[in-house]
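quick one, what's the 3D model for this:
(one chain, ligands or ions: 2)
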Amino acid sequence: MPADTCAYRASLFHLIDDPGLDGPPSSDAFEWFEDGILLISQGRVLALGAAADLLPVLPAGLSLTHWPDSLIVPGFIDAHIHFPQLDVIASYGEQLLEWLNNYTFPAEQRFSDAGYAEATADVFLDELLRCGTTSAMVFCTVHPASAEALFSAAERRNLRLVAGKVLMDRHAPAGLCDTPESGDRESRELIERWHGRGRLEYAVTPRFAATSTPEQLRLAGRLLADYPGLPMQTHLAESLAEIDWTLRLYPDRRDYLDVYDHYGLLRERSVFAHCVHIDDDARRRIADAGATAAFCPTSNTFLGSGLFDLHAAREAGIQVSLATDVGGGTSVSMLQTMAEAYKVTQLRGRSLNPFQAFYLATLGNARALGLDTHVGNLQPGREADFVVLDRHATPLLARKDALAKSLQDILFNLIILGDDRAVRATHIAGRCGYQRPESSRHEGRPC
Ligand code: GUN
Ligand code: ZN
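Ligands and ions are numbered 1, 2, ... in the order given. Here you go, the predicted structure:
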């Protein structure tokens, strides 16, 4: 065993494959050790198994950390989030287009100041880690300095992160607009500097069709053709007013998705946030392209956009991902995002089993973002990004955990009752990136 090996003891759960949407998952799809050991070396998973099997063979003197009442799962992955919108969370009373104009664009203008962008990038990434999120696909602002700030802060923390500077050359305040040429040039400079550096990747990031001219979308498509394999992120069919506006701006296109397709943006590693109002034909085209629909439940309910049809998307063969979409979304926590996803499926007369919810937030998102050879589960060789969830984080969680009769109950309790308080520690490539103060487990007392 390598000299730097560390062992962690807790319950262990991770997905090895898609557990399916309905019914109990096949036991091939996951691994679960009620009392397990996770061995980490050189920033990667070395082995995992039952404590009863591994404890007797561990070398004497090996570092062993025991987290009782805890569940180790792979680090959460957020498939769509806006780092400059941390302060936009909880902006009252508007739907998408007014929310953008009244709250979001003013907040994003502050990122022209590189110092402000740098300070906010640190706060943002620390908040992700506090919530157990170890990877994300992130929108910056139109300012290249905002991407520079985020990549630098992610590099300092050794995070596996995908991000890009927004492309936006119309229908926004002057301070938030680039031009087709400047957006193209700045994106290329950022790609050369950051894409493939350490654990970082660059995503071409047109905000959405309505804030880009046809020329800007054409150049975004050319950029993707010039850099094969580069990810792309944008928004698609989030609200009815947005769709209506987009179709008036692009009257020659057959539907909203066709705008992106026409400019070469519908392809593998393309992530379309929302896809709330799309039909089966568009679903099939997204699936055929190997692109991804990012389900953003807290955002869709908060902004009143609509109810994503998870089952229709999956039945059409789309690789769906799960995302917070902060600041349209109301929580950075993927546990709370899973809970809201469950409620959205309930409102559509279906449900979301907790195995599938954890799949979406870990391995499913890793697959959707093309990161699954690196992260997403705890298979030996994977980068050791993991979260320690406290099954007893609150009095009610402890009480419900004691009543749990199955793994499904344990997972579902954490989804419905858990949030940032349930994150005991977050490890990035084998190193501790966040540790909850133990004194905060049950804060306060009745008086
Ligand atoms: N559509 C275009 N920009 C945005 C954004 O910042 N947030 C959300 N939710 N939708 C968008
Ligand atoms: Zn978004």
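
shaky segments in the stretch 201-350 of the chain?
For the stretch 201-350 of the chain, no stretch is flagged by pLDDT under 70.

can you give me the helices for it?
Assigned by DSSP state H, counting those that start in this stretch, the helices in the stretch 201-350 of the chain fall at 214-226, 240-249, 256-262, 280-289, 297-302, 310-315, 334-347.

export the ones you listed to TSV and append columns for distance to Ala273 and mean neighbour count.
Bear in mind the C-beta positions are built from the backbone N, C-alpha and C, glycine included. Formatted as TSV, these follow (distance: least, Cβ to Cβ, whole Å; neighbours: other Cβ atoms under 10 Å):
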stretch	distance to Ala273	mean neighbour count
helix 214-226	16	19
helix 240-249	12	16
helix 256-262	12	23
helix 280-289	12	18
helix 297-302	8	24
helix 310-315	13	18
helix 334-347	13	22
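
closest one to ligand 1 among those helices?
helix 297-302 (5.2 Å; Cβ to the nearest ligand atom).

name the residues that touch that closest one?
For helix 297-302, the surrounding residues in contact (Cβ atoms under 8 Å, 6 or more residues apart in numbering) are 238, 274, 276, 305-308, 322, 324-326, 328-331, 336-337, 340-341, 343-344.

now the helices for the stretch 1-150 of the chain?
Under DSSP H, counting those that start in this stretch, the stretch 1-150 of the chain gives helices at 51-54, 96-99, 105-109, 114-130, 144-157.

residue of the stretch 301-447 of the chain nearest ligand 1, please.
Gly328 (3.3 Å).

who's in contact with Ala206?
Just so we're on the same page, residue 206 is Pro rather than Ala. Pro206 neighbours (Cβ under 8 Å, 6+ apart): Val166, Leu167, Met168, Ser212, Gln216, Leu217, Ala220, Met232, Thr234, Leu265.

could you pick out which of the contacts of helix 297-302 are located in strands?
Mapping the contacts of helix 297-302 onto strands (DSSP state E) picks out His274, Leu322.

next, the contact list for the spatially most central residue of the chain, please.
The residue lying closest to the centre of the chain (Cα atoms, centre = their mean) is Asp78, at 0.7 Å. For Asp78, the contact set (Cβ under 8 Å, 6+ apart) comprises Leu128, Thr133, Ser135, Ala136, Met137, Ala323, Thr324, Val332, Met334, Thr337, Asn365.

circling back to that earlier point, is it possible to get JSON lines of the helices of the stretch 201-350 of the chain that adds distance to ligand 1?
Below are those laid out as JSON lines (distance: least, Cβ to the nearest ligand atom, whole Å):
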{"stretch": "helix 214-226", "distance to ligand 1": "14"}
{"stretch": "helix 240-249", "distance to ligand 1": "7"}
{"stretch": "helix 256-262", "distance to ligand 1": "12"}
{"stretch": "helix 280-289", "distance to ligand 1": "17"}
{"stretch": "helix 297-302", "distance to ligand 1": "5"}
{"stretch": "helix 310-315", "distance to ligand 1": "18"}
{"stretch": "helix 334-347", "distance to ligand 1": "14"}
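
isn't Gly381 up against Arg44?
Yes. Gly381 lies in contact with Arg44 (Cβ atoms under 8 Å); the separation is 5.9 Å.

ok, these two, which is more surrounded?
Counted by other Cβ atoms under 10 Å, Gly381 and Arg44 do not tie: Arg44 has more neighbours, with 16 against 10.

can you pull the contacts of that one?
Pro380, Gly381, Arg382, Glu383, Ala384, Ala429, Gly430.

look up which residues are beta-bridged to it.
Beta-bridge partners recorded for Arg44 (DSSP bridges): Ser41, Glu383.

what does the model give it for pLDDT?
Note for Arg44: predicted pLDDT of 98.

just Phe151 next, same as before
At Phe151, pLDDT is 99.

how far away is it from ligand 1?
Computed as Cβ to the nearest ligand atom, to the nearest Å, the Phe151 to ligand 1 distance reads 20 Å.

so which bits of this protein are right by ligand 1?
By Cβ under 6 Å from any ligand atom, the residues of the chain that approach ligand 1 are His82, Leu96, Leu100, Thr104, Arg207, Phe208, His235, Glu238, Ser299, Asp325, Gly328.

still on that earlier bit, any idea which of the helices of the stretch 1-150 of the chain is most buried?
Ranked by mean neighbour count, the helices of the stretch 1-150 of the chain are led by helix 144-157 with a mean of 22 (mean count of other Cβ atoms under 10 Å).

now tell me what touches it from outside.
The contact list for helix 144-157, computed with Cβ under 8 Å, 6+ apart, reads 83-84, 111-112, 114, 117-118, 120-122, 124-125, 129, 138, 140, 161, 163-165, 186, 189-190, 193-194, 197-200, 428, 433.

was I right to think Phe30 contacts His14?
Yes. Applying Cβ under 8 Å as the test, Phe30 and His14 come out as touching, 6.7 Å apart.

quick one, which of the two is more surrounded?
Legend: neighbour count by other Cβ under 10 Å for Phe30 and His14, higher for His14 (24 against 20).

sweet, I'm off.
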